[in-house]
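**Q** Let's see this in three dimensions:
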Amino acid sequence: MTKDLESYSEEGFIRENIQSNQIENKISTEPSLSVDCVIFGFDDQVLKVLLIKSDQPEFLGLWSLLGNKLKMNEDLDAAAERVLYERTGLENIFLEQTKTFGSINRHPEGRIVSIAYYSLLNINHIQLQKTDNDLHWHPVSEVGKMAFDHNLILETCYQTLQKKVLTEPIGLNLLPETFTLRDLQLLYEAILGTSFDRRNFRKKFFSTKLLVDRNEIEKEVSHRPAKLYSFDFEQYNKIKNSRFSLV
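**A** Down below sits the predicted model:
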């Protein structure tokens, strides 16, 4: 993302799309709760986000995050998990709540407060579910103007991800079952928008004992095949609440 959070002021962004009198006429006496999910994936050395075309008349032609209103019989995490499953067919994937967005004029249907989550998943595992609206992966750095206050939500979650990957090994959730050390470094460089010294980067990750040598090499590649590694989930569960640093 190239714009700062102030560029996506909730109030300013919504005013460009919805007349205030429309909002006033639609606001109900009881606010509703919804969840919006920022779904990150990594493909072709690029960090991507899953977006859907908005079906709101005020935002026709614009992309939006995936979300839904909270049902009476589910808690917040369950609602976010439902959204993910309905759109990707995946369960038990990394999911974390970030922030609540409650600007009065943020939604054309009335007073809707949204709780934002971000998720990290392996794109290769996904079979996107059919929908009446377009559903596509977009490079995070190329996302343009979105519906509602979703630019602000996306930027907030992206900044959270950038901070988290420096101190927790959550980035590994974006990789396939087996990967090369080069794949791992390219992932972190894509998330952080920077480059690392190869030797220091590898030394840091080997010190975590999160990487398992598969005793295999890449196949059908045009360059010299590299060794393959996998992710030690047992070790991850041991250290996920501890801190390590890539800087």
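**Q** Helix, strand, or coil at Leu51?
**A** strand (DSSP: H, G, I helix; E, B strand; the rest coil).
**Q** and the longest helix seen in the chain, which residues are buried?
**A** Secondary structure assigned by DSSP state H gives helix 150-167 as the longest helix of the chain. For helix 150-167, a neighbour-count test (16 or more other C-beta atoms under 10 Å) marks 150-158, 160-161, 164-166 as buried. (Glycine included, C-beta is placed from N, CA and C.)
**Q** to the chain's geometric centre, what's the distance from that helix?
**A** 8 Å (C-alpha atoms, centre = their mean, to the nearest Å).
**Q** Could you name the helices and strands sitting against it?
**A** Judged by 3 or more C-beta pairs under 8 Å, 6 or more residues apart in numbering; DSSP states H and E, the packing partners of helix 150-167 are helix 10-15, strand 32-43, strand 94-101, strand 112-120, helix 181-192.
**Q** of all the ones you listed, which lies closest to Leu211?
**A** Closest to Leu211 of those, according to C-beta to C-beta: helix 181-192, at 7.9 Å.
**Q** still on that earlier bit, which among the buried residues of helix 150-167 gets closest to Arg182?
**A** Looking across those and measuring by C-beta to C-beta, the closest to Arg182 is Val165, at 17.2 Å.
**Q** Let me see the contact set for the closest residue to that closest one other than its chain neighbours.
**A** Distances taken as C-beta to C-beta, 6 or more residues apart in numbering put Gly171 closest to Val165, at 4.6 Å, once the chain neighbours are dropped. Neighbouring residues of Gly171 by C-beta atoms under 8 Å, 6 or more residues apart in numbering: Leu120, Val165, Leu187, Tyr188, Ile191.
**Q** Backbone dihedrals for Gly171, please?
**A** phi -60, psi -20 (degrees, to the nearest 10).
**Q** Leu181 versus that one, what's the distance?
**A** 13 Å (C-beta to C-beta, to the nearest Å).
**Q** Could you do Tyr85 as well?
**A** Taken as C-beta to C-beta, the span from Tyr85 to Leu181 is 32 Å.
**Q** Look at those two and report which has more neighbours.
**A** Neighbours per residue, other C-beta atoms under 10 Å: of Tyr85 and Leu181, the larger number sits with Leu181, 17 against 14.
**Q** these two touch, right, that one and Asp213?
**A** No. Proximity of Leu181 to Asp213 does not meet the contact threshold set by C-beta atoms under 8 Å, at 10.5 Å.
**Q** residues in contact with Ile93?
**A** Leu84, Ser119, Leu120, Leu121, Asn173.
**Q** so what's the last one up against?
**A** In other words, Asn173. Contacts of Asn173 by C-beta under 8 Å, 6+ apart are Ile93, Phe94, Leu120, Leu121, Asn122.
**Q** what does the second one give?
**A** Each residue near Ser119 by C-beta under 8 Å, 6+ apart is listed here: Cys37, Val38, Ile39, Phe40, Ala80, Leu84, Ile93, Phe94, Leu95, Glu96.
**Q** Which of these are buried? Put it as a ChimeraX command.
**A** Entered in ChimeraX, the line below selects the buried ones among those, by 16+ other C-beta under 10 Å:
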select :37,38,39,40,80,84,93,95,96
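**Q** Pull out the buried residues from the contacts of Gly171.
**A** Buried among the contacts of Gly171 by 16+ other C-beta under 10 Å: Leu120, Val165, Leu187, Tyr188, Ile191.
**Q** Give me the nearest residue to the fourth one, chain neighbours excluded.
**A** Sequence neighbours aside, Gly171 is the residue nearest to Tyr188 in space, at 5.9 Å (criterion: C-beta to C-beta, 6+ apart).
**Q** Thank you, goodbye.
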